[in-house]
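Asker: model the following, please.
(one chain, ligands or ions: 1)
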Amino acid sequence: MKYEKIRKTVLEAILEAVDQGLIHGTSGNIAMRDDEDDVIAITPSGISYTGMKPEDIAIVDLNGKWIDGPYKPSSEVPMHTAVMRARPDVKATVHTHSMYATIMAMGENPELKPITPPQCEFTPVGIVSFTMPGSNDVADKVVDALGEKGRACLIKNHGMFTCGKDMKAAMHATIYTEEMAQTTYLAKVLGTYEPMPEEADKAMKALIAADQAV
Ligand SMILES: [Zn+2]
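Answerer: Predicted structure coming up:
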């Protein structure tokens, strides 16, 4: 099988996301770039992830052209490929319709702040206004919301998009952004919302940056 490594990585990640309840049905999609061959492995469109095999994962080039695999690539190819083109540091991207991220994207001021230390790595979380799924327009807005260093953004009435230097980092961004949205939501419902103090957030970000620099 061609592109076996990236196909297996994408499959493992999507099954983990399903397991963790971050992805339901066939919503959500995950992509991984192979620098040597300049190709991207991405989950196929409209096919159940349970029982999927590595060879079922689609392969596209950096412009999103379908080059291998039996099933059509995800309709969100433009979002994943636009981020990979704009950010050479990004090797893996994850898009989910996870529940709390979707809820917390609504409203006038949906800014998420870290509640626990690991969440500090993923803020600020950008916001994308509603734009038709699968369009180049939403892809451009996600690129803008992530900026040069962003790891996560919320997409109104849709879900979230995260990225990382490898699949582990992109999955962490997904898990902790959803956790941040969930803890924020529940604390606001309880009336006890209290994000980490700004100083602590800054100190944590410095620690995380130093660790990543090693
Ligand atoms: Zn979507």
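Asker: so who does the spatially most central residue of the chain touch?
Answerer: With distances taken as CA atoms, centre = their mean, residue 162 lies nearest the centre of the chain, 2.4 Å away. By CB atoms under 8 Å, 6 or more residues apart in numbering, the contact set of residue 162 is 93, 94, 95, 122, 151, 152, 153, 170, 173, 174, 177. For glycine as for every other residue, the C-beta is placed from the backbone atoms N, C-alpha and C.
Asker: please identify the helix or strand for it.
Answerer: Here residue 162 sits within strand 159-164, counting by DSSP states H and E.
Asker: returning to that earlier point: would you turn the contacts of residue 162 into JSON lines with neighbour count and pLDDT?
Answerer: What follows is the contacts of residue 162, written out as JSON lines (neighbours: other CB atoms under 10 Å; pLDDT from 0 to 100):
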{"residue": "93", "neighbour count": "30", "pLDDT": "98"}
{"residue": "94", "neighbour count": "31", "pLDDT": "98"}
{"residue": "95", "neighbour count": "27", "pLDDT": "98"}
{"residue": "122", "neighbour count": "23", "pLDDT": "97"}
{"residue": "151", "neighbour count": "24", "pLDDT": "98"}
{"residue": "152", "neighbour count": "29", "pLDDT": "98"}
{"residue": "153", "neighbour count": "25", "pLDDT": "98"}
{"residue": "170", "neighbour count": "25", "pLDDT": "98"}
{"residue": "173", "neighbour count": "24", "pLDDT": "98"}
{"residue": "174", "neighbour count": "31", "pLDDT": "98"}
{"residue": "177", "neighbour count": "30", "pLDDT": "98"}
